[in-house]
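Peer 1: Turn this into a model:
(2 chains)
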Number of protein chains: 2
Amino acid sequence: MTRPVSAPHDAVEVIAAKRDRGELSDSQIDWVLDAYTRGAVADEQMSALAMAILLNGMTRREVSRWTAAMIASGERMDFSSLSRPTADKHSTGGVGDKVTLPLAPLVAACGVAVPQLSGRGLGHTGGTLDKLESVPGWRADLSNAQMLAQLEDVGAVICAAGTGLAPADRKLYALRDVTGTVEAIPLIASSIMSKKIAEGTGALVLDVKVGSGAFMKDVDRARELAQTMVALGTDAGVRTVALLTDMSTPLGRTAGNGLEVGESVDVLAGGGPDDVVELTLALAREMLQAAGAGDVDPADRLRDGSAMDVWRRMIAAQGGDPDAPLPRSRETHVVRAVRSGVLTRLDAMAVGLAAWRLGAGRARKEDPVQAAAGVVMHAKPGDEVTRGQDLLTLHTDEPERFDRALAALEGGVEVGDEPAPRSALVIDRVAG
Amino acid sequence: MTRPVSAPHDAVEVIAAKRDRGELSDSQIDWVLDAYTRGAVADEQMSALAMAILLNGMTRREVSRWTAAMIASGERMDFSSLSRPTADKHSTGGVGDKVTLPLAPLVAACGVAVPQLSGRGLGHTGGTLDKLESVPGWRADLSNAQMLAQLEDVGAVICAAGTGLAPADRKLYALRDVTGTVEAIPLIASSIMSKKIAEGTGALVLDVKVGSGAFMKDVDRARELAQTMVALGTDAGVRTVALLTDMSTPLGRTAGNGLEVGESVDVLAGGGPDDVVELTLALAREMLQAAGAGDVDPADRLRDGSAMDVWRRMIAAQGGDPDAPLPRSRETHVVRAVRSGVLTRLDAMAVGLAAWRLGAGRARKEDPVQAAAGVVMHAKPGDEVTRGQDLLTLHTDEPERFDRALAALEGGVEVGDEPAPRSALVIDRVAG
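Peer 2: Numbers count the residues shown, from 1 in each chain, chains lettered A, B, ... in the order given. Predicted coordinates:
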């Protein structure tokens, strides 16, 4: 009775429909997201709807429409004027996951442009922008025109997503974060995909992490998320593939901003840890294939130095000095093996929490991060170790942080007699 | 990591526990309701929790603790200084349900004090205070001391609940109203019972309405609500009984504020419609029995005029003139039978909506109501009617309201050949 004549719906009607296990109509979805963005649907109404979606689910049609409505809340970018195809990658976040850093210049070196709009870290997983900001002079903020020019000129850009893309998602994500509604697969999938579709990439490869250090601890939920996102991308005309990859132990041998940049440069120089190289190449091959350049072997571009050339030009184009030494922490603390044997466990969540507590991550959006803080891993699961040998080096500028970092590692590092069976790095592949 | 050292819980933890179908601890419940009342838990967090409670339910222990925590958010009244026992009645709301008006003075005339804290109407059901405010001079607002003095002196008081009782419920109810979370049985039960327990009554009889004009359309949900409320009262030491009563057709022959006062006075004078008399006596007997005065027959007190005496003193004690004529509407419109036969249907929701649209009810808390607006029913289901005979008289001060009131009655009034089977007025009784 109190609905304004001009409004086709009201918030309680939409909430009640999903609460009662109904399917929301296109008109209800379009209205509620537009009204929420305008402030005509209140936060307390949207959070009740988000909880009902979390508990009662959404059909593929509902999630597609929800994603389209979030895209419609803001601007869309357009890379159709570029002289080469585009491909992007999104990772759901892991510990030591620096793969974007070598991957973007590598794919660009193969002839496919990479427009990588990234974020900052929150919690135990690092953010790509935080990592690159440890390179002296490097700036994350580019205008759309600067981004387009760098894509044409260099072929790769990693920069901050502007506030114009999917503003409904920005508002909804902040709300979900404080209302226990982050964990809804339709909302996770539409949040990620609305930004990637609005960004205008032609092809997209998703790295969905599974394991203790990942948002998805369980392979079935990870597969459901991957399938939902691949369907959303496909419905929106973006060639989309997902890999499920292991995040039970950190990727590579470093977790921390500057430390991960150093390891990424090692990979671009043709070295680096096997797992980082393997995942970088697997994702590069998927991106190239989705962009119609599947005949190029990215391993060649690592070997011949052309990926490193793109990296140096990409860093320099955003004000960074690729030759400047990376920052070093003021303090270090070494964790040594208490017995000889095989490293059976190096838990991703434990290492991620330790790096966070050392100053590499933030608890609130406005917190600063330390460029040099983090964890260096001298052994990985399956490696033989000797009593007294260095296992981890903890880095921070504030030595009072060591105690809480060591507490986070409690139970996360184990030396035993027999190596635990290792799971494959790439667990599964989901295509449209 | 962001929890203040002094807080034992945080909102996301409590929401996530219920979201994941867990049982909330006493400490979580106490904390979340206290923090919500203080503003430390935000509306958008509480609405997400309310939706999780609606969809995942609560155990008896959780609802009891939730109710206790709402009571603890405010003051408690104490009638232990009175010279007689106390009993109260609560109705979940129906159309034409004026029973509180004759019931309170009747029970008082039997020697049991009735401290009736009431509310105003919202939507299609009327509010007891709105009805009494049609008596010239009558005031709803009393201090606690005035209430206690009137209870001792007159034995019955019907007044507005102060803002000091269960303020958490007041805040939560307003939130549920706009977030599609009214319909949760644990939240409905704890909302009603927190106020009744805080009010300090020794005995309580619940009139849980079932049918088209009631909040609960379905007898199983109504029974579940009754059982939950009886358990809450019993757990809190209040002798509590519930009757499930029929609300498929309006109670009595009037729906509207002043119209219902007139009918109530008829009942107190020994007349009035059979169904109103039957329900008033049934509830009075339950209240007297629960208060330990089950040997008194309330029918005697209607016959001998002593209930009417208490009514007159109760009205006068709150500034009202029991001899003043009740307000009459400026306009009337008569609905006549289109054929001869038996009245087979007089739908409670249709009549309630019509009375609302005529001006007897409000759509928003701040709206005024008309004292004389409403519906008079000249026939009830089962009555024989003749073509052209008056069925309903609609009353309002604003004749432009007739059209929408008549639209509300569409399909709600039917004359047929055979009387429909009538359900009993009292459907079931639920005791501790």
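Peer 1: Can you tell me the element the nearest residue to residue A:90 once chain neighbours are set aside falls in?
Peer 2: Among residues not flanking residue A:90 along the chain, residue A:206 sits closest, at 5.4 Å (CB to CB, 6 or more residues apart in numbering or on different chains). Placement of C-beta: from N, CA and C, glycine included. Per DSSP states H and E: residue A:206 is located in strand A:203-210.
Peer 1: Domain-wise, how is chain A divided?
Peer 2: A:11-57, A:88-166+A:176-324, A:331-416 (automatic domain parsing).
Peer 1: Show me which residues of chain A are close to chain B?
Peer 2: By CB under 8 Å from any CB of the partner chain, the residues of chain A that approach chain B are A:1-2, A:11-12, A:15-16, A:19, A:42-52, A:54-56, A:175, A:178-181, A:183, A:363-364.
Peer 1: Narrow those to those that are buried.
Peer 2: Burial by neighbour count, 16 or more other CB atoms under 10 Å in any protein chain shown: within the residues of chain A next to chain B this picks out A:11-12, A:15-16, A:19, A:42-52, A:54-56, A:175, A:178-181.
Peer 1: Can you name the helix or strand that residue A:231 falls in?
Peer 2: Here residue A:231, judged by DSSP H and E, is contained in helix A:219-235.
Peer 1: Now that helix: average pLDDT?
Peer 2: Averaging pLDDT along helix A:219-235 yields 97.
Peer 1: which helices and strands does it pack with?
Peer 2: helix A:60-72, helix A:185-198, strand A:203-210, strand A:239-246, strand A:426-431 (3 or more CB pairs under 8 Å, 6 or more residues apart in numbering or on different chains; DSSP states H and E).
Peer 1: ok, the fourth one: who's next to it in the sheet?
Peer 2: This means strand A:239-246. Using DSSP bridges, strand A:239-246 pairs in its sheet with strand A:203-210 (parallel), strand A:426-431 (antiparallel).
Peer 1: any chance of those in JSON lines, plus distance to residue B:416?
Peer 2: Output for the strands paired with strand A:239-246, formatted as JSON lines (distance: least, CB to CB, whole Å):
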{"stretch": "strand A:203-210", "distance to residue B:416": "63"}
{"stretch": "strand A:426-431", "distance to residue B:416": "61"}
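Peer 1: Residue of the stretch 1-150 of chain A closest to chain B, please.
Peer 2: residue A:15 (3.3 Å; CB to the nearest CB).
Peer 1: which residues touch that residue?
Peer 2: Residues near residue A:15 by CB atoms under 8 Å, 6 or more residues apart in numbering or on different chains: A:45, A:48, A:49, A:52, B:51, B:179, B:180, B:181.
Peer 1: how about residue A:23, secondary structure?
Peer 2: Following DSSP: H, G, I helix; E, B strand; the rest coil, residue A:23 is assigned to coil.
Peer 1: Just give me the neighbour total for the closest residue to it other than its chain neighbours.
Peer 2: Nearest residue to residue A:23 in three dimensions, chain neighbours excluded: residue A:59, at 5.7 Å (CB to CB, 6+ apart). Residues lying near residue A:59 (other CB atoms under 10 Å in any protein chain shown) number 11.
Peer 1: before we move on, what about residue A:144?
Peer 2: 12.
Peer 1: Next: the one 4 residues further on.
Peer 2: Burial of residue A:148, expressed as a neighbour count using other CB under 10 Å, amounts to 19.
Peer 1: Isn't it up against residue A:82?
Peer 2: Yes: using CB atoms under 8 Å, residue A:148 is in contact with residue A:82, at 7.5 Å.
Peer 1: what pLDDT does the closest residue to residue A:253 other than its chain neighbours get?
Peer 2: Leaving aside its sequence neighbours, residue A:253 sits nearest to residue A:377 (CB to CB, 6+ apart; 4.6 Å). According to the prediction, residue A:377 has pLDDT 98.
Peer 1: Okay, and the beta partners of residue A:377?
Peer 2: Using DSSP bridges, the beta-bridge partners of residue A:377 come out as residue A:392.
Peer 1: what's near enough to touch it?
Peer 2: A:250, A:252, A:253, A:254, A:255, A:346, A:351, A:391, A:392.
Peer 1: most neighbours, which of those?
Peer 2: Using other CB under 10 Å as the neighbour criterion, residue A:255 leads the contacts of residue A:377 with 34 neighbours.
Peer 1: which residues touch it?
Peer 2: A:95, A:96, A:126, A:351, A:352, A:354, A:355, A:360, A:374, A:375, A:377.
Peer 1: how about 10 Å then?
Peer 2: A:94-98, A:124-126, A:213, A:263, A:348, A:351-352, A:354-356, A:358, A:360-361, A:373-377, A:392 (CB atoms under 10 Å, 6 or more residues apart in numbering or on different chains).
Peer 1: what's the answer for residue A:254, then?
Peer 2: A:96, A:98, A:260-264, A:266, A:273, A:276, A:351, A:355, A:374-377, A:393, A:395.
Peer 1: switch the cut-off to 7 Å
Peer 2: By CB atoms under 7 Å, 6 or more residues apart in numbering or on different chains, the residues touching residue A:254 are A:96, A:260, A:262, A:263, A:374, A:376.
Peer 1: out of everything not next to it in sequence, what's closest to residue A:299?
Peer 2: residue A:281 (5.9 Å).
Peer 1: How about residue A:78?
Peer 2: Nearest to residue A:78 is residue A:200, by CB to CB, 6+ apart, at 5.3 Å.
Peer 1: isn't that neighbour right next to residue A:81, touching?
Peer 2: No: contact between residue A:200 and residue A:81 fails when scored by CB atoms under 7 Å: they sit 10.7 Å apart.
Peer 1: I figured residue A:166 was touching residue A:74, is that so?
Peer 2: Yes: judged on CB under 7 Å, residue A:166 makes contact with residue A:74 at a distance of 5.1 Å.
Peer 1: mind checking how far residue A:149 is from residue A:84?
Peer 2: Going from residue A:149 to residue A:84 by CB to CB, to the nearest Å gives 14 Å.
Peer 1: out of the two, which sits in the busier spot?
Peer 2: In this view residue A:149 and residue A:84 are compared by other CB under 10 Å, and residue A:84 has more residues nearby, 17 against 14.
Peer 1: What residues does the nearest residue to the more buried one once chain neighbours are set aside make contact with?
Peer 2: Closest residue to residue A:84 apart from its sequence neighbours, by CB to CB, 6+ apart: residue A:113 at 5.1 Å. Shown in contact with residue A:113 (CB under 7 Å, 6+ apart): A:82, A:84, A:86, A:151, A:155.
Peer 1: With residue B:382 as the reference, measure out to residue A:113.
Peer 2: 80 Å.
Peer 1: Next, name the residue at the spatial heart of chain A.
Peer 2: residue A:91 (3.5 Å; CA atoms, centre = their mean).
Peer 1: before we move on, the earlier item: give me the element the residue of the stretch 1-150 of chain A closest to chain B is part of.
Peer 2: Per DSSP H and E: helix A:11-19 holds residue A:15.
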